[in-house]
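K.L.:
This is the structure alone, sequence omitted:
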């Protein structure tokens, strides 16, 4: 069976001895200036760090500049020293949403790249999905939709077997699987509406399921074919969904967005599994944008409105604080 990508999306690490406090100088090993801002997370592979940023447009909200000058950068840095090994800039292939309002909060490089040891894959919204080799040379570019949104785009690609899978809800209302070597579209699942979260893989017996949260339901797909397997009630009334689902010990935990519920769902079902596979649901303890983390049997989430931290028992959904 192929490995589950991104360790269930649970936001945890088994690393030991890490510092618990940082400042502008405390516990800083090195610091490197990037050519522009970016809201993506860095990833590591071997002795390299990969992260994206952008230049040319949308740096200053009062004077955003010419959209035609927008360029995304995939940066490769030395993990030990912070030295920039290479910087590959890519001009925007099509128009983007204007730099204002919600876009100004995170900009145009918000999707975290992913690496399989042969290539680094980046999602640049309406400009498509890009694959670069480990020297920074572009290998292919695939179009997954041309639509834009005032919230921008921010879902990150994940890997499965020979596929790169991206949630292109903003761009085309679709989940899209691309061949890792060529960028050729392998399958497309449509009807993915108001979804800004990154899909997660979960093991369900002898197979894997690809899970994504959409405006009114949690949905699971066969990652090999794109066929929908099941759906479970989510946010009611329907809302836009930013937090990504997480998986721990084979259970899916989904914080269903803006004032939505938090639910635990067992994979492996068929059709509507709301009554058969949803283990519990807890209303209004969730977050608008940040994804939750799982730690020692508890689910933690932060609501940016008022800065409220919530802790929920993962076994039964009871609120701890």
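P.N.:
Sure, I can see it. Given the structure is predicted, the values throughout are model-derived calculations rather than measurements.

K.L.:
phi, psi of the nearest residue to residue 289 once chain neighbours are set aside?
P.N.:
Counting by CB to CB, 6 or more residues apart in numbering, residue 289 lies nearest to residue 242, which is 4.4 Å off, once chain neighbours are set aside. The way it works is simple: take the backbone N, C-alpha and C, and place the C-beta from them, glycine included. Phi and psi for residue 242, reported as degrees, to the nearest 10, are phi -100, psi -40.

K.L.:
Could you check how far residue 242 is from residue 173?
P.N.:
Distance of residue 242 to residue 173, computed by CB to CB, to the nearest Å: 16 Å.

K.L.:
Could you do residue 154 as well?
P.N.:
For residue 154, the distance to residue 173 (CB to CB) stands at 16 Å.

K.L.:
Settle it for me: which of these two has more neighbours?
P.N.:
residue 154 (22 against 18; other CB atoms under 10 Å).

K.L.:
so where do the strands sit in the stretch 1-150 of the chain?
P.N.:
43-45, 48-55, 71-78, 84-91, 114-115, 119-123, 129-133, 138-142 (DSSP state E, counting those that start in this stretch).

K.L.:
List the strands paired with the helix or strand containing residue 281, with their directions.
P.N.:
Residue 281 is located in strand 278-282, with elements delineated by DSSP states H and E. Paired strands of strand 278-282, with direction, are strand 262-265 (antiparallel) (DSSP bridges).

K.L.:
Give me the helices and strands touching the helix or strand following the strand holding residue 281, please.
P.N.:
Sequence order places strand 293-295 as the next helix or strand after strand 278-282, per DSSP H and E. The contact analysis (3 or more CB pairs under 8 Å, 6 or more residues apart in numbering; DSSP states H and E) places strand 293-295 against strand 246-248, strand 298-303.

K.L.:
so how many other residues sit close to residue 17?
P.N.:
4.

K.L.:
mind pulling up the phi and psi values for it?
P.N.:
phi 70, psi 20.

K.L.:
Run a quick check on residue 297 versus residue 313, I expect a contact.
P.N.:
Yes: judged on CB atoms under 8 Å, residue 297 makes contact with residue 313 at a distance of 6.9 Å.

K.L.:
more neighbours, these two?
P.N.:
residue 313 (14 against 10).

K.L.:
List the contacts of that one.
P.N.:
Residues near residue 313 by CB atoms under 8 Å, 6 or more residues apart in numbering: 297, 298, 319, 320.

K.L.:
Show me the beta-bridge partners of it.
P.N.:
For residue 313, the residues forming beta bridges with it (DSSP bridges) are residue 298.

K.L.:
just to revisit the earlier point, just the buried members of the contacts of residue 313?
P.N.:
Among the contacts of residue 313, the ones that count as buried by 16 or more other CB atoms under 10 Å are residue 298.

K.L.:
Now the contacts of residue 313 in JSON lines, please, with extra columns for distance to residue 58 and pLDDT.
P.N.:
Formatted as JSON lines, the contacts of residue 313 follow (distance: CB to CB, whole Å; pLDDT from 0 to 100):
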{"residue": "297", "distance to residue 58": "42", "pLDDT": "95"}
{"residue": "298", "distance to residue 58": "38", "pLDDT": "95"}
{"residue": "319", "distance to residue 58": "39", "pLDDT": "94"}
{"residue": "320", "distance to residue 58": "40", "pLDDT": "95"}
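
K.L.:
Go through the contacts of residue 313 and name the one nearest residue 40.
P.N.:
Looking at the contacts of residue 313 and their distance to residue 40, the nearest is residue 298, at 27.4 Å (CB to CB).

K.L.:
hmm, back to that, isn't the residue nearest to residue 289 right next to residue 214, touching?
P.N.:
No: between residue 242 and residue 214 there is no contact under CB under 8 Å: 11.7 Å.

K.L.:
Not counting sequence-adjacent ones, nearest residue to residue 212?
P.N.:
residue 199 (4.3 Å).

K.L.:
Tell me who's in contact with that neighbour.
P.N.:
155, 158, 165, 167, 175, 210, 211, 212, 244, 245.

K.L.:
at 10 Å instead, please
P.N.:
5-6, 9, 155-158, 160, 165-167, 175, 192, 209-213, 219-221, 223, 244-245 (CB atoms under 10 Å, 6 or more residues apart in numbering).
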